[in-house]
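>>> Mind looking at a prediction? Sequence and model below.
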Amino acid sequence: MLSSDARAFFREVAAAAFANPFSEERARRDRRLAATLQTPRDPAQEATSSSSADSANPELDAALSAVRAELDRLWPLDLNTLEGEDRHLVEVALLFDTFHVFVPEFDALVTRQLEAGSRPVKATFGLDVVRRLVERGMSPERAARFVGIFYQMRRAFFMARERLKGQSPSMQRLRARLWQAIFTDDLARYEARLWDRMEDFSIFLIGPTGSGKGAAASVLGASSWIPFDDQAGRFALSFSDLFVPLNLSQFPETLIESELFGHKKGAFTGAIEAHEGVFGRCPRHGVIFLDEIGETSLPTQIKLLRVLQERVFVPVGGHEEQRFEGRVVAATNRDIGQAREEGRFRDDFYYRLCSDVIEVPSLAERLREEPAELKELVAHSVERILGQPDEGLFREVVASLGASLPEGYAWPGNVRELEQAVRRTLLGAPYRGDLRQDRPQSLDTPELSLVAAELGARIDAGALTMRELQQAYCRLLYARSGTYEEVARQADIDRRTARRYIEDEL
């Protein structure tokens, strides 16, 4: 049995190990764990932990050193000699230690696999992970499952960090929510019961155009479960094949069903050969990303609803049902609540999509929270466009945007607009903002200037109709933000309704 001190320490380890790495809770747990350490830190162990963990986290390094010292005291360790809570606590500590020992190998594998594309690359170190866990009393089957979970965790961490830049609170929340959508809020429960059942949990991403819903979906897609093939010494497939995106607004209604479910040769005029749709191309545990889901017709929604309910589909012109074993992630910039009220989006379809609803923040919201985030995004865009960092060009772009854009510019096109602004600046032309300006000509009329002063008095006097009240409020919001998107977000209406309230005459 563990001593009372060892048990208390391992409890802290278990709490930290299973916490969301993008959450404030994880930071608190790491600090608390570091504060409980009573074992002197061995310099050799400390160096090892710094090379194998995220070295920017000194609390984590300290915790790893202490965990390894405690595990060494228990050596030769056999989990089967422990029972109840002691076994659970020591097992978590063993997993915590083993995971960080192999972090460099997992990270290198992610990089190699990105370069290799669809061809699964060798990962023979996975056999070493299995051997290490089996030697300490874990079953080979469960040890192999943990290899898959470790790889999944590093992919999720890597993708969320690299594809979703920004340190504003809203972006930190987004990364934490995506991690939760992948692993739930209890990693122990995920490993025990849900690691191969996440396909039943559909995700709905909402947010304005250009805010990065596609990038968020790609993080989910690249972070799905992949089993480890111990016979081949690699994972069963490349994570680049897990993500199957489709923008539904790009296809006419006559072709949507074929793009979704595929078609047989001769199924309709022009079908000169068979075509495999996204549901047919999606592998087991993969992710289908249905962008612009708010544009789909009611007949298409009914067909998609059947797939989500029964997990089967039939290609156009075919008769045999095919099994779908992937996960659906949908996205829209539309006001789905209003679409449901107007009968343009089925309630039953919505409820099948919304196991979790995750909001992707606008760039304006991010910059209000953290103005310095603009520089971080510019630096990232410059590096991606040029293929390498360039401090000189980064400073040039930042200076140009600062000189050419009005103070507090709202970035109605969000991150997508910012990327194009960087490109235009690199071409040598100043970026002065959205050419449409999204401002009605009547914005500066005397009537509008009196609205703010008179609104309160007219409300008190009961002199406003509901439409006049809504219109006055939307015009005030617009005068402050300058974009229809921001008015729609604050007033909780869709963009078209916001524009109608602002532009129409009273």
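Sure thing, it's come through.

>>> make it CA atoms for all contacts and neighbour counts henceforth
Noted.

>>> so where's the protein shaky on pLDDT?
By pLDDT under 70, the low-scoring segments of the chain are 37-56, 435-454, 505-506.

>>> Which segments of it make up each domain?
The record's domain parsing of the chain by automatic domain parsing lists 4-164, 214-359, 366-426, 441-503.

>>> Quick one: end-to-end distance for the first one.
Across its full length, domain 4-164 reaches 42 Å between end residues, using CA to CA, to the nearest Å.

>>> swap in the shortest one?
Start-to-end span of domain 366-426 (CA to CA) is 24 Å.

>>> what about the helices in the stretch 101-250 of the chain?
103-116, 125-135, 140-163, 169-183, 187-189, 213-222 (DSSP state H, counting those that start in this stretch).

>>> Check which helices and strands the fourth one sits against.
Here helix 169-183 is seen to pack against helix 140-163, helix 213-222, strand 356-359, helix 363-369 when contacts are counted using 3 or more CA pairs under 8 Å, 6 or more residues apart in numbering; DSSP states H and E.

>>> And for the longest one?
With contacts defined as 3+ CA pairs under 8 Å, 6+ apart, helix 140-163 has these neighbours: helix 103-116, helix 125-135, helix 169-183, helix 213-222, strand 228-229.

>>> tell me which residues of it are tucked away?
For helix 140-163, a neighbour-count test (16 or more other CA atoms under 10 Å) marks 143-160 as buried.

>>> starting at the chain centroid, how far to that helix?
Distance of helix 140-163 from its chain centroid, counting by CA atoms, centre = their mean, to the nearest Å, is 15 Å.

>>> i'd like the first residue to be 45 from this point on
Yep, numbering from 45; the last one is helix 184-207 now.

>>> Show residues contacting it.
Helix 184-207 is contacted by residues 143, 147, 150-151, 154, 170, 173-174, 177-178, 219, 223, 235, 259-260, 263-264, 266-272, 274, 279 when judged by CA atoms under 8 Å, 6 or more residues apart in numbering.

>>> just the fourth one next, same as before
Helix 213-227 is contacted from outside by 64-67, 200, 204-205, 208-210, 234, 239, 242, 247, 260, 263-264, 267-268, 400, 402-405, 409-410, 413-414, using CA under 8 Å, 6+ apart.

>>> Deepest-packed of the helices and strands packed on helix 184-207, please.
For the helices and strands packed on helix 184-207, the largest average neighbour count (mean count of other CA atoms under 10 Å) is found in helix 257-266, namely a mean of 23.

>>> Counting by contacts, list what it packs against.
Against helix 257-266 (3+ CA pairs under 8 Å, 6+ apart) you get helix 184-207, helix 213-227, strand 247-250, strand 287-291, strand 331-335.

>>> what's the angle from the last one to strand 287-291?
Relative orientation of strand 331-335 versus strand 287-291 (axes from the mean of the first three to the mean of the last three CA atoms, to 10 degrees): 20 degrees.

>>> Now do the buried residues in the next helix or strand along the chain from strand 331-335.
Proceeding N to C from strand 331-335, the next assigned helix or strand is helix 342-354, under DSSP states H and E. Within helix 342-354, the residues scored as buried using 16+ other CA under 10 Å are 345, 347-349, 351-352.

>>> Looking at those residues, which one is closest to Arg540?
Proximity of the buried residues of helix 342-354 to Arg540 (CA to CA) peaks at Gln345, which lies at 22.6 Å.

>>> any idea which helix or strand carries Thr298?
Using DSSP H and E, Thr298 falls in helix 297-305.

>>> Give me the distance from that helix to the chain's centre.
Centre-to-centre, helix 297-305 and its host chain are 27 Å apart (CA atoms, centre = their mean).

>>> cool, and stretch 350-363?
Relative to the chain's own centre, stretch 350-363 is displaced by 28 Å; criterion: CA atoms, centre = their mean.

>>> just stretch 283-297 next, same as before
17 Å.

>>> on that earlier part again, CSV for the domains of the chain, including distance to Asp230?
What follows is the domains of the chain, written out as CSV (distance: least, CA to CA, whole Å):
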stretch, distance to Asp230
domain 48-208, 7
domain 258-403, 15
domain 410-470, 28
domain 485-547, 32
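
>>> Mind checking these for the one nearest to Asp478?
Evaluated with CA to CA, these place domain 410-470 nearest to Asp478, the distance being 7.6 Å.

>>> thought Ala107 was touching Ala78?
Yes: between Ala107 and Ala78 there is a contact under CA atoms under 8 Å: 5.7 Å.

>>> Neighbour count: those two, which is higher?
Under the criterion of other CA atoms under 10 Å, the comparison of Ala107 against Ala78 puts Ala107 first, with 28 against 20.
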